[in-house]
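*Asks:* here is my input, please return the structure:
(chains A and B)
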Amino acid sequence: MRRLPAAIALSVALVVLVPAAVERAGPGGAIDTDLRGLLPSAVQSPAEIAATERFQNVLQRRQFVLIEGPERREVDEVALEVRRQAKQSQLYTDDLDETTAGMARAAKFLFPYRYSLLTAKQRAAISRGEGRDAVQAALAAIYAPFATYSSDLLVRDPFLISTRLLVARAGNAPVGAMTARNGFMTAKSAAGAAILMVLRLKDSPFSASTETAIAALTARIDTSLAAKYPHVRVSRAGVIEHSYRAAAAVRKEVGVIGSLSIAGVLLLVISTFRSLVPLLASLIAVGASVVGGISAVIIVNGSINMISVVAGTSLIGISVDYAFHYYAELRYGSAAGDPAAALSHIWPGIVLGFVTTLIAFVGMALPPFPALRELALFSGVGIGIAFLTVWTVFPLLPSARGDSPSARKGTTIPASALIGRWLAAADRADPRWVVCGLLVAATACAALLVLFLRPVDDVRALQPTNDDVTAAERRLSAFAGSPLASQYLLVEGGGTDQVLEREEALMPTLRNLAAQGSLGGYAALSQLVPSQASQRASLIAVSGLASGDPAPIDQLVAAVGLDPAAGRTFRADLKGAQLLRPSTVIASGLFSDLTELWLGRVGDHVASVIALRDPVPVAALKAAVTNLGGIRFVDPVSSVDTLIQHYRSFVEWMIAGAYLAILGLLALRYGPRGAILAVMPPVVAGLGGVVALVLTGQIYSVFATVGLILVLGIGIDYTLFFLEGPGDPQATALAVVMSAASTLLAFGLLAFSTTPAVHTFGVTICVGMTIAFLLSPLARGGRSRHDESGHSAHGL
Amino acid sequence: MLSRRARLLPRGRRLRLAVLVGVCLAVTAVALPRPVEAQHEAAALLARWVEAAPTSFDFVQEKHLSVLSRPIVSHGVITRRADQTLLWHQTDPIDATIVIGPAGIESGAGNADTTLQGAIASIAGAVVDIFFGRVDHLATLFDATVSDSRLVLTPKDDLLSRVMARIELDGASGLSKITLIEKSGDFTTIGLAPASAASAPK
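*Replies:* Model (predicted):
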């Protein structure tokens, strides 16, 4: 009865674990769908970490809505309805009406700084011909068709400098590239009229609640508009569009795969044992291990990724193995009807299997790769709990009907003839030839892989894509310019002004590259807020318009017919002109697209980001920044790819190391031949799984290597059970058959996932586990020395 | 219920008062502008002007600002193009050419107050709609009223109405004057006449 307190302790531990996980997850929910959260952080310096986070925040929360149709009126009405429903949903920031009203507010904010913010080109134009050119330019602006300036503006800014400020300072940014009408950004479209809306989400697009709400809002809007405006097309792009679709697909997959897997396993248990007790035991082991695994990950990480949950459903395949072995022995083995004896018989196999699996999971957790660590933690804790459940709970459960020795009389193992032939075939083989055959098979597979294996470490190839969203992104690119690239330039300096000056120093190069078409565009805060030196130069240039006899300002006032007081106002405004600082713009809440690029003080430095638009001439930009201090070209995706490659390679070596360690460990117990017979089936199985990927043209990535770890962990269990199994090999074989069937049910179904990362994982496991299962009885050839040495059942 | 004063009236006068009120209500109802009818009238007037419109107009633009002692005057030629855009060629005192389409100024000089850019695009687009008689487009931004040979467009768009009070279009057989009246009281008149042979584009 010493197991009862332990079982109670395990239950209490789980009861404590779950609320702790819920508490740690907080109100935002614990399920994360951002695949990037599973990837290693490629950046090193604090500035790069801050830049990447800020940059992703800027990019991720934008949602682009493109409304196109033959009739401008219908397009306007649809845009108004989309905006109304978006506002009502409260999912977006409050600047939904900002398109043109925001421009007006921005212009009003910049007006006091109008004489400080000239571009170098504007300064040169003002200074030419001692101000005469400036007067002519002002007259041209005043007389220009549709130059709708107000009386007030003409008095306060006779040279109309402020009117071109935003456009001049925006460089080639999208500001001014489209026309504002009716409160929307509009442009001509092949379809006729078009409106582009840029919405900003309040929360992360990877939050489950945001994804659900956006999916519902999109469906509601589309349904309400489709009937009324059949000729208007609404296209959407942005991270949220990928995110909520991917989340829906993964949820569907989890539902289908999880349900089929559980249903399959339940059917397997009931049909084999014809009792509900093994089913209850399996459910306790599976439930406890899954709940424990998820809770542990949430407590450690704060959340668990959807991909980990999908892959974690594979835990079912492992944790029910213990129940299978226990009940196969209890019902059909030599210890039938005696729970303590049954547990005692299978205990060495379970302990060895648990230890070797744990070795694989610990190895998986060694590299600082979030995906691997999360899976290792999930699987490791889950397996540990399943192991403890077998020890503490199983013997306490009532025996199933038919487990008593009397009831067992006349009971035969299901499919015993087939299992018998399978075992007989394995037993007929000469162990020496089996060792040779396994080594040859492993060598042949390895040779094939050396010749044809082309690993894919591109993170983009591992993420699911949606054709509709990709098509919408292409249309948006044609309409509003290319999207922001994932690469950027990181500018660092000792102070604010040094960073702005460094940005300014790079601007001519960026302008040239953009003019040549090799760079799609760029954006930096210095386009709006020049360095102090540049602003002072602008004030000096404008001061030239107030000096001389007659001064250019007086010439202009007279030419236009303004009150001479306008000249005095000009001089007074110039005298009181202030310099604009980044902190002032940030505090205004305006120009968020540019201010979000300003990182401010990071550690000892001040840092900012220059955003780039596709295409990005990587070599030219790297060459350009080489000669400029304090600027670095950062390519997070490429860095992540390199890291993924590094970790894939690391995991491959780690698996090889784990096999060697297990080989050494088992050699002590079974001798060299026994150890080789135990280890080689999973080795051949793992290699076979990768060969299957190559032959079918699938991606071999770091996620496939995770599959190889599991092939090692589970595959070695099979051989160990055959090596350690008690007298009746059919009972062991039955447990291995059931284990393999349940594992294939879980993992085989993962091969049907539309997420490339999960798919490649599933295919590797599916093929690998099939081979591992079929070859596992060959390990029985290593029993002779072990049996001779007198080792058998271990006490508990 | 009739008021105390009405009850004090003799029966015959009460009847006459009721008839009078009824007539007044009927007249008022007839006189009240009805949107659909106004739009039909605007469409008819614009159609008449467009039918009579030449390909090119000589124009004189006068911009009246409260802060100026004299209007800012410019001259030029407006040409209606086959692609439903306007070629706006200002010849005096500064030579400038712009192309205006339904979405606003498509190319050429565009010196405008940034705060007014959205409104300018709408106004420029409206001018194009006027020259090509596109009432349905105008109806998205303006309410239209017609009296005699004058069509008045009052902005209903929020942004536009912050800047523009109304647009008045005058003309008997053809459109002869456009007046853009701003909220501030400043206004611009564009006088139109069929282009002389010398000024019409070759």
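*Asks:* and A:Ala442, how close does it get to A:Val435?
*Replies:* Using Cβ to Cβ, to the nearest Å, one obtains 11 Å as the distance from A:Ala442 to A:Val435. Glycine gets a C-beta too; all of them are placed from N, C-alpha and C.
*Asks:* what ranges do the strands span in chain A?
*Replies:* Listed in chain order, the strands of chain A (DSSP state E) span A:31-32, A:62-69, A:179-181, A:184-189, A:192-200, A:233-237, A:304-305, A:484-493, A:521-523, A:598-602, A:605-613, A:631-634.
*Asks:* packing partners of the last one?
*Replies:* The one in question is strand A:631-634. Strand A:631-634 sits against helix A:46-60, strand A:484-493, helix A:618-626, with contacts defined as 3 or more Cβ pairs under 8 Å, 6 or more residues apart in numbering or on different chains; DSSP states H and E.
*Asks:* how many residues are close by the residue lying closest to A:Ala446 once chain neighbours are set aside?
*Replies:* Once flanking residues are discounted, A:Ala446 sits nearest to A:Leu687: 6.2 Å by Cβ to Cβ, 6 or more residues apart in numbering or on different chains. Counted with other Cβ atoms under 10 Å in any protein chain shown, the neighbours of A:Leu687 add up to 22.
*Asks:* can you check A:Ser344 too?
*Replies:* A:Ser344, neighbours per other Cβ under 10 Å, totals 17.
*Asks:* any low-confidence regions in the stretch 301-450 of chain A?
*Replies:* Residue ranges of the stretch 301-450 of chain A with pLDDT under 70: A:307, A:310-319, A:335-336, A:399-412.
*Asks:* just to revisit the earlier point, kindly reformat the strands of chain A as CSV containing mean neighbour count.
*Replies:* Output for the strands of chain A, formatted as CSV (neighbours: other Cβ atoms under 10 Å in any protein chain shown):
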stretch, mean neighbour count
strand A:31-32, 23
strand A:62-69, 23
strand A:179-181, 26
strand A:184-189, 22
strand A:192-200, 21
strand A:233-237, 22
strand A:304-305, 26
strand A:484-493, 22
strand A:521-523, 25
strand A:598-602, 18
strand A:605-613, 23
strand A:631-634, 20
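*Asks:* A:Met680 against A:Cys436, yeah?
*Replies:* No - with contact defined as Cβ atoms under 8 Å, A:Met680 does not reach A:Cys436; the gap is 10.3 Å.
*Asks:* which one of those two has more residues nearby?
*Replies:* With neighbours defined as other Cβ under 10 Å, A:Met680 and A:Cys436 compare such that A:Met680 has more, 23 against 11.
*Asks:* residues contacting the more buried one?
*Replies:* A:435, A:438-439, A:442, A:775 (Cβ atoms under 8 Å, 6 or more residues apart in numbering or on different chains).
*Asks:* in contact with B:Leu153, which residues?
*Replies:* B:126, B:138, B:142-144, B:166-169.
*Asks:* buried subset of those residues as a ChimeraX selection?
*Replies:* Filtering the contacts of B:Leu153 down to the buried ones (16 or more other Cβ atoms under 10 Å in any protein chain shown) takes a single ChimeraX command:
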select /B:126,138,142,143,144,166,167,168,169
